[in-house]
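A.B. asks: Dropping a prediction and its sequence here:
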Amino acid sequence: MARKRIIQLMVAFFVVLWAFGPAHGVSEIRIGVIGPTTGWATMFGQNNLDGVKLALSEKDYKFKGTPIKIFTEDTKADVEVMRTKLDSLKNRDKVHMIIGPCLGHEGMAAVDWAARNPEVPVLVGYSAPEDMTMRKATYSLVRPGWTGAQVIFDFGKFCAKDLKYKKIIIVGQDYAYPWDQAAGFIRGFLENGGEKVERIWSPVEAVDFSSIMAKLAGMAKEYDAVLCNCGGAQVVAFFKQWQQFGLDKLYPQILGQANVPLTPMLAEMGDTLLGVYSSLHYYDGDPSPANVKFRESYHKAFGYYPSVISVQGYDCVNVAFKAMEAIDGKVDDPKAFIAAVRNVKMTADESPRGPFYFDKFGNPVQNIYIKKVVKQDGRLMNIAVKTYKDVSQFGPYADMPEKYMAAPETTRDYPPGDKASYFKEIEKYFGKDYVEKLEKNKGWPD
């Protein structure tokens, strides 16, 4: 009888274990990863995915003994495809979280999807339109990344105050992320002594810039520098034609948006990018132990050095793990999980980019680095020439986010690019006192 009773208890135990999984949560943690892994934007999706894989491999694809499985989907840089893939990850694969998307024009569609599917936490991979975590913010979506404007506000200031430029031309791809980069730069530039920013837009996948190059040649006497506001294959095409048309002889400096001097671009374009200034929340030449370890581990695993996109995938996983620690792995409770994600604080020892924490909208407050491409030990890399600490996604407007969000959303033409019109516009939302203070102090405080 005693033996029979023991057998019955053992059977009951395994039935309960089968039904409810491990004591700390589910029997398998399922992570969906989306991004373009084919087409013109392959670099973005693949770098993000490799960052995810590295972080998981460092944890042996387990959380406290619970196995982790990833499900990958190629968005093909197409918003409609992405929506279908998101549905598949949720309904077919039953994932507990999704890491992605990776492109600007996918971002707002992902927010809409997250709002309709709040039971699936979304940790944004690399997509940077500001309204993902501002005017259209939804609780289930957290971005362990950046906004296009956040990382470039201070670059505008740097170009005006440190480089002493007065007039800049921005040439960019015509969609939401480059619009945000242009807007952030314009604010920093015009509020700190710059006089004018001219914007020239091109189709997203365009690689023929001949007509734009001819236009730039005719504007060279009036403007100080050109800022390339492109990404991926368009960067290669732009810089190649820049030299073919002799514009490197007409302009003393070419500047880059965040995605121009990424590590893959440095490897592909070589010395063409030497001396290019840009800004971002990560720089590959960071000598911190966390970044050195990350770069070497990544290179060993994949045969190439990581970019900031890789950092995003890597950090998404590590943020998720810190959140899972807080809820003992109960990822089947999405409300508790996303609340834990929002409370995560990363230290300089835990992230290659440096410390960061999330604001109430789900976007990091973090360091922003003004970078310059140099050659060290025979290899091109970005070094930091200036660091701005604890920068909010609202930049210099961190103490008045509601006023910032009351202004119109960024578009291809907003905010205005000439100083007089711009100051008249910001007075409507930030007040006359703000404008007078800018004029009195000749810009933002250092």
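C.D. replies: Cool, got the structure. Numbering: from 1, shown residues only.

A.B. asks: burial measure for Gly285, as a count.
C.D. replies: The number of residues packed near Gly285 is 18, by other C-beta atoms under 10 Å. (Each C-beta comes from the backbone N, C-alpha and C, glycine too.)

A.B. asks: So that it lines up with my notes, have the first residue be 318 from now on.
C.D. replies: Shifting the count to begin at 318 puts that one at Gly602.

A.B. asks: Please report how far it lies from Val690.
C.D. replies: Counting by C-beta to C-beta, to the nearest Å, the separation of Gly602 from Val690 is 9 Å.

A.B. asks: Mutual contacts of the two, please.
C.D. replies: Listed contacts common to Gly602 and Val690 are 698-699; contacts here mean C-beta atoms under 8 Å, 6 or more residues apart in numbering.

A.B. asks: Assign a three-state SS to Tyr686, would you?
C.D. replies: For Tyr686, the secondary-structure state derived from DSSP: H, G, I helix; E, B strand; the rest coil is strand.

A.B. asks: what does the one 5 residues further on give?
C.D. replies: Taking three-state DSSP as the rule, one finds Val691 in the strand state.

A.B. asks: Against Ala701, how distant is it?
C.D. replies: Val691 sits at a distance of 11 Å from Ala701 (criterion: C-beta to C-beta).

A.B. asks: who's more crowded, these two?
C.D. replies: Set side by side, Val691 and Ala701 show more neighbours around Ala701, with 18 against 15, by other C-beta under 10 Å.

A.B. asks: residues touching the more buried one, list them.
C.D. replies: 600, 602-603, 686-688.

A.B. asks: how about it, secondary structure?
C.D. replies: On the three-state scheme (three-state DSSP), Ala701 is labelled strand.

A.B. asks: Report pLDDT for it.
C.D. replies: For Ala701, the model assigns a pLDDT of 97.

A.B. asks: is it in a bridge, and if so with what?
C.D. replies: Under the criterion DSSP bridges, Ala701 forms beta bridges with Lys688.

A.B. asks: And the contacts of Ala701, which is closest to Arg516?
C.D. replies: Ile687 (21.6 Å; C-beta to C-beta).

A.B. asks: Just give the number of residues close to the spatially closest residue to Gly679 that is not a sequence neighbour.
C.D. replies: Nearest residue to Gly679, sequence neighbours excluded (C-beta to C-beta, 6 or more residues apart in numbering): Val459, at 4.2 Å. By the other C-beta under 10 Å criterion, the neighbourhood of Val459 contains 29 residues.

A.B. asks: For Val459, give me the backbone phi and psi.
C.D. replies: Dihedral angles of Val459 (phi, psi; degrees, to the nearest 10) stand at phi -120, psi 140.

A.B. asks: doesn't Val441 make contact with it?
C.D. replies: Yes. Taking contacts as C-beta atoms under 8 Å, Val459 lies within contact range of Val441: 7.1 Å.

A.B. asks: Lys566 and Val543, how far apart?
C.D. replies: Applying C-beta to C-beta, one obtains 13 Å for the distance of Lys566 from Val543.

A.B. asks: the more surrounded of the two?
C.D. replies: Neighbour count, other C-beta under 10 Å: between Lys566 and Val543, Val543 has more, with 25 against 10.

A.B. asks: Correct me if wrong, but that one is in a strand.
C.D. replies: Yes. In this structure, Val543 lies within a strand as judged by three-state DSSP.

A.B. asks: Assess the claim that it and Leu567 are in contact.
C.D. replies: No. Val543 lies out of contact with Leu567 (C-beta under 8 Å); the separation is 9.3 Å.

A.B. asks: Okay, helices next: where are they in the stretch 468-617 of the chain?
C.D. replies: Taking DSSP state H, counting those that start in this stretch to define them, one finds helices in the stretch 468-617 of the chain at 470-478, 493-507, 527-536, 550-561, 564-567, 580-586, 606-619.

A.B. asks: Would you map out the domains in the chain?
C.D. replies: Structural domains annotated on the chain: 328-463+604-682, 470-603+685-758, as defined by automatic domain parsing.

A.B. asks: what's the straight distance from one end of the shortest one to the other?
C.D. replies: Between the opening and closing residues of domain 470-603+685-758 we find a distance of 17 Å, counting by C-alpha to C-alpha, to the nearest Å.

A.B. asks: and Glu742, how many neighbours does it have?
C.D. replies: Applying other C-beta under 10 Å, I find that Glu742 has 15 neighbouring residues.

A.B. asks: Pull the contacting residues for it.
C.D. replies: For Glu742, the residues meeting the contact criterion (C-beta under 8 Å, 6+ apart) are 724, 732-733.

A.B. asks: Out of those, which end up buried?
C.D. replies: Applying a neighbour-count criterion of 16 or more other C-beta atoms under 10 Å, the buried members of these are 732-733.

A.B. asks: And the contacts of Glu742, which is closest to Asn660?
C.D. replies: When the contacts of Glu742 are compared for distance to Asn660 (C-beta to C-beta), Ala724 wins out at 29.4 Å.

A.B. asks: Correct me if wrong: that closest one contacts Gly748.
C.D. replies: No. Between Ala724 and Gly748 there is no contact under C-beta under 8 Å: 12.0 Å.

A.B. asks: Would you mind naming the helix or strand containing Ser738?
C.D. replies: For Ser738, the enclosing helix or strand under DSSP states H and E is helix 736-747.

A.B. asks: what about dumping the CA coordinates of stretch 568-580 to CSV?
C.D. replies: Once non-C-alpha atoms are left out, stretch 568-580 reads as follows in CSV (Å, rounded to 0.1, in the frame of the first residue of the first chain):
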residue,chain,number,x,y,z
TYR,A,568,32.5,71.7,-49.3
PRO,A,569,35.0,71.6,-46.4
GLN,A,570,33.0,69.1,-44.5
ILE,A,571,30.4,66.3,-45.0
LEU,A,572,28.4,65.3,-42.0
GLY,A,573,26.5,62.1,-41.3
GLN,A,574,23.3,61.2,-39.7
ALA,A,575,23.4,58.4,-37.1
ASN,A,576,23.4,55.5,-39.6
VAL,A,577,26.1,56.8,-42.0
PRO,A,578,29.4,55.8,-40.2
LEU,A,579,28.1,52.5,-38.8
THR,A,580,30.6,49.7,-38.5
